[in-house]
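Trainee: have a look; sequence and predicted model below, questions after that.
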Amino acid sequence: MNAVFDDPTVTPVSETIDDALGVSAPAWAQWADVLASAGVDTAWRYYKDGGWVIRASRGSRTIAWMSVNRDYGRVTFLFAQRLRSTLVAADDLPEWIKDAARDAQKMLSLTIQIRTSADVADAHAVLRYKLALK
């Protein structure tokens, strides 16, 4: 992971997040609004092997893991292997996401770089499946 925030003593705050994201900051804010409107909570956590990451959750269920990198945000959704065919057959997911689901090895890990509103739309499409499937 190339997370910008790797100092365990300094929790990321709005100003440093926006600075790191640069021109991607508006898309990241848009993504945060999507999560909030879906009832998904976010919390920063520090991990020695990955720096500061965000756990997006609804109740006790992890929805996604997110990080802030230089000039973009990163969102990773994890799906059980048994859901591969559902994701690959989805009519409303972009082809590149279906290809990633098709090509994933064990756990389906779908990562989206948030740089633009189009990326937010892709992540939102995956979020809808993550919330609907168990």
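Mentor: Here it is on my side, so go on. Residues are numbered from 1 along each chain as shown.

Trainee: can you tell me which helix in this protein is longest?
Mentor: Ranked by number of residues, the top helix in the chain under DSSP state H is helix 117-132.

Trainee: pick out the residue closest to the middle of this structure.
Mentor: Val75 (1.8 Å; CA atoms, centre = their mean).

Trainee: can I assume that one sits in a strand?
Mentor: Yes - Val75: assigned to a strand according to DSSP: H, G, I helix; E, B strand; the rest coil.

Trainee: Pro12 versus that one, what's the distance?
Mentor: According to CB to CB, to the nearest Å, Val75 stands 16 Å off from Pro12. (Glycine included, C-beta is placed from N, CA and C.)

Trainee: where do the strands sit along this protein?
Mentor: Ranges of strands within the chain are 41-47, 51-58, 61-69, 72-79, 108-114, based on DSSP state E.

Trainee: give the partner strands of the first one in its sheet and their orientations.
Mentor: Using DSSP bridges, strand 41-47 pairs in its sheet with strand 51-58 (antiparallel).

Trainee: quick one: contacts of the strand it pairs with?
Mentor: Residues outside strand 51-58 that contact it (CB atoms under 8 Å, 6 or more residues apart in numbering): 1, 3-7, 11-12, 35, 38-47, 62-68, 75, 131.

Trainee: can you list the residues that contact stretch 5-23?
Mentor: 4, 25, 28, 44, 46, 48, 51-52, 67-73, 115.

Trainee: tell me where the protein is predicted with low confidence.
Mentor: Residues of the chain meeting the criterion pLDDT under 70: 1-3.

Trainee: most remote residue from it's center?
Mentor: Farthest-from-centroid check, the chain (CA atoms, centre = their mean): Thr9, 23.7 Å.

Trainee: any idea how far Ala56 is from that residue?
Mentor: As judged by CB to CB, Thr9 and Ala56 stand 24 Å apart.

Trainee: what's the answer for Asp7, then?
Mentor: 22 Å.

Trainee: who has more neighbours, those two?
Mentor: Neighbour tally, Asp7 and Ala56, criterion other CB atoms under 10 Å: the higher count belongs to Ala56, 24 against 11.

Trainee: okay then, goodbye and thanks.
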